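S.K.: Any chance you can model this:
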Amino acid sequence: MEISRNAFIGCDCGYEEAEAVIFGAPFDSTTSFRPGTRFGPMAMRTESFGIETYSPYQDRDLSDFMIFDSGDIELPFGSPEKPLEMIECTATEILDDGKMPFLIGGEHLVTLGAVRAAVKKFGKIDIIHFDAHADLRDDYLGVRLSHACVMRRCNELDGVGKIHQFCIRSGDRSEFVYADKNTDMNKFGFDNLAEAVNELKEKNTPVYFSIDLDCLDTSVFPGTGTPEAGGVSFNELLNAIIRVSECNVIAADINELAPMLDPTGASTAVACKVLRELLLSVLGNKKERI
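M.R.: Residues are numbered from 1 along each chain as shown. All right, here's what the predicted structure looks like:
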């Protein structure tokens with residue numbers, strides 16, 4: 001892999017020495033409302049130079065870690081099968097090389113490709129999922145590979161144990177019925193997150209961590225395809241990310257930034273800061289456990 005010419009701030013070491021690898025999946029062909037998330041990864045790289053590499057929240061700096069940004073996968077539009085295969089292939093290469101993948105979407109369906117790679121590598125994983133939407137439909141307008149169905153498809157994979165969902169405040173009634181029997185759904189916020197993390201830590205379960213940025217309130221993050229009022233604050237999300245990072249996180253993603261839907265640039269700035277804090281918390285806690 002070659003380094004991106006426009007790497008996320010502080011993430012410009014070489015691939016061989018990297019402990020973590022950022023890669024973008026600019027795909028939004030199944031977006032159900034307002035498109036534009038395909039532009040999220042590149043916008044985040046460009047705008048990342050408006051933030052610092054240092055986090056005063058965690059007293060950690062991106063320069064403390066070896067992080068490689070490989071840029072975006074060049075994905076075809078239209079049918080999602082080929083893009084998912086390409087995302088899985090990239091995540092598999094990163095995992096097989098002993099590095100941690102951090103995926104930037106794109107719409108949330110891109111998570112499925114990376115989860116397939118994680119299951120293939122680790123055999124058995126749990127998923128922690130932050131989102132406004134349940135993403136548990138069996139199909140959306142007859143299509144089973146949709147960002148509205150991504151957690152349903154993940155839950156059907158052999159090797160995915162339990163999906164722990166937080167901040168959920170939107171979905172079809174059938175999704176909530178499905179969740180009652182098949183996932184650990186926590187509505188509206190982060191209640192019960194500490195209990196879930198403690199259980200996963202005790203079992204040392206490999207955890208895939210997926211953050212749909214629309215878990216944030218629309219007042220904080222309006223630049224997304226399906227905004228949903230009633231979300232959490234930035235500080236609530238930050239504290240939750242730090243808590244989840246106590247687990248054995250083996251891969252992570254953030255997705256659903258549609259930068260052109262917020263011409264102020266504030267949503268992109270928020271997304272950049274979330275990625276910085278995610279990298280620092282996951283990699284920092286991993287280093288402390290070693």
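S.K.: where does this structure dip in pLDDT?
M.R.: The chain contains residues with pLDDT under 70 at 1-5, 142, 290.
S.K.: ok, and for stretch 214-229, which residues are buried?
M.R.: Residues of stretch 214-229 classed as buried: 214-218, 220-228 (neighbour count, 16 or more other Cβ atoms under 10 Å). All C-beta spots, glycine's among them, are computed from the backbone N, C-alpha and C.
S.K.: need those in JSON lines with secondary structure and distance to Cys247, can you?
M.R.: What follows is the buried residues of stretch 214-229, written out as JSON lines (DSSP: H, G, I helix; E, B strand; the rest coil; distance: Cβ to Cβ, whole Å):
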{"residue": "Asp214", "secondary structure": "helix", "distance to Cys247": "23"}
{"residue": "Cys215", "secondary structure": "helix", "distance to Cys247": "18"}
{"residue": "Leu216", "secondary structure": "strand", "distance to Cys247": "21"}
{"residue": "Asp217", "secondary structure": "coil", "distance to Cys247": "25"}
{"residue": "Thr218", "secondary structure": "coil", "distance to Cys247": "28"}
{"residue": "Val220", "secondary structure": "coil", "distance to Cys247": "25"}
{"residue": "Phe221", "secondary structure": "coil", "distance to Cys247": "24"}
{"residue": "Pro222", "secondary structure": "coil", "distance to Cys247": "30"}
{"residue": "Gly223", "secondary structure": "coil", "distance to Cys247": "29"}
{"residue": "Thr224", "secondary structure": "coil", "distance to Cys247": "26"}
{"residue": "Gly225", "secondary structure": "coil", "distance to Cys247": "29"}
{"residue": "Thr226", "secondary structure": "coil", "distance to Cys247": "28"}
{"residue": "Pro227", "secondary structure": "coil", "distance to Cys247": "29"}
{"residue": "Glu228", "secondary structure": "coil", "distance to Cys247": "26"}
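S.K.: Which single one of the residues you listed is nearest to Val119?
M.R.: Closest approach between the buried residues of stretch 214-229 and Val119, by Cβ to Cβ: Cys215, at 23.5 Å.
S.K.: Quick one: residues contacting that closest one.
M.R.: The neighbours of Cys215, taking Cβ atoms under 8 Å, 6 or more residues apart in numbering as the test, are 130-132, 166-167, 231-232, 237.
S.K.: Recalculate using a threshold of 10 Å.
M.R.: For Cys215, the contact set (Cβ atoms under 10 Å, 6 or more residues apart in numbering) comprises 129-133, 166-169, 189-190, 221, 224, 228, 231-232, 236-237, 240, 256.
S.K.: ok, of those residues, which come out buried?
M.R.: Using 16+ other Cβ under 10 Å as the burial test, those include 129-133, 166-169, 189-190, 221, 224, 228, 231-232, 236-237, 240, 256 as buried.
S.K.: Inside strands: which ones of the residues you listed?
M.R.: Here DSSP state E is the test, and those give 129-130, 166-168 as lying in strands.
S.K.: Need the buried residues of stretch 214-229 in JSON lines (columns: distance to Met86).
M.R.: Below are these laid out as JSON lines (distance: Cβ to Cβ, whole Å):
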{"residue": "Asp214", "distance to Met86": "25"}
{"residue": "Cys215", "distance to Met86": "26"}
{"residue": "Leu216", "distance to Met86": "28"}
{"residue": "Asp217", "distance to Met86": "33"}
{"residue": "Thr218", "distance to Met86": "32"}
{"residue": "Val220", "distance to Met86": "32"}
{"residue": "Phe221", "distance to Met86": "28"}
{"residue": "Pro222", "distance to Met86": "30"}
{"residue": "Gly223", "distance to Met86": "26"}
{"residue": "Thr224", "distance to Met86": "24"}
{"residue": "Gly225", "distance to Met86": "22"}
{"residue": "Thr226", "distance to Met86": "25"}
{"residue": "Pro227", "distance to Met86": "29"}
{"residue": "Glu228", "distance to Met86": "29"}
